[in-house]
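In: one predicted model, sequence on top.
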Amino acid sequence: MMRCGGVSRTSRHIAAHSSRAGGGPVERYRKNMMGFFDAIRAVQPTVPIYFITSLYVPPAWSPKTQIADLEAYRQVAREIVLARKDPHMHLIEGLDLIDHDPKLFDAVAVHPNDQGFAQMGERLAKQLQQPGK
């Protein structure tokens, strides 16, 4: 649990490469995420959920196997939030959290460097204070 703006939030990070390389086909990702949110709602019906779409990833990141483009997983996230009609669930566009500049990433291009994480943190904090904007 973390405290932000006087509101408790549960945080769970699911990495971009989990959906792209290890997460499997897009429809399996959809099913798994719906089940994940169903499980949360079964015990925490009103806790705020912030579903962050996959971040920008520099072109240098190229996994050996690519099941689907990250945009396909981003679209599934958008569709899930709309379909659930959950007033306590908010979508945050990961593409807006970090500039699309390879200089903000480390040698493993999928991982932001310290400057990139600082930028993401600042932008995410603003969005957590004003969900839906």
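Out: Yep, it's here.

In: rest of the way, CA atoms for contacts and neighbours
Out: Noted.

In: show me where this structure has its helices.
Out: Using DSSP state H, the helices found in the chain span residues 16-17, 26-43, 70-84, 114-129.

In: which of the ones you listed is buried the deepest?
Out: helix 16-17 (a mean of 19; mean count of other C-alpha atoms under 10 Å).

In: can you give me the neighbour number for I67?
Out: 16 (other C-alpha atoms under 10 Å).

In: shouldn't it be in contact with G24?
Out: Yes - I67 is within contact range of G24, at 6.6 Å (criterion: C-alpha atoms under 8 Å).

In: distance of the closest residue to Y73 other than its chain neighbours relative to I67?
Out: Once flanking residues are discounted, Y73 sits nearest to V26: 6.3 Å by C-alpha to C-alpha, 6 or more residues apart in numbering. According to C-alpha to C-alpha, to the nearest Å, V26 and I67 sit 8 Å apart.

In: next: I49.
Out: 27 Å.

In: and if you look at E79?
Out: 19 Å.

In: cool, and V81?
Out: From V81 to I67 the distance is 23 Å (C-alpha to C-alpha).

In: for M120, same thing?
Out: Counting by C-alpha to C-alpha, the gap from M120 to I67 is 26 Å.

In: where does the chain have low pLDDT?
Out: 1-23, 66, 131-133 (pLDDT under 70).

In: what's E71 in contact with, if anything?
Out: S54 (C-alpha atoms under 8 Å, 6 or more residues apart in numbering).

In: 7 Å instead?
Out: Under the criterion of C-alpha atoms under 7 Å, 6 or more residues apart in numbering, the contact list for E71 is empty.
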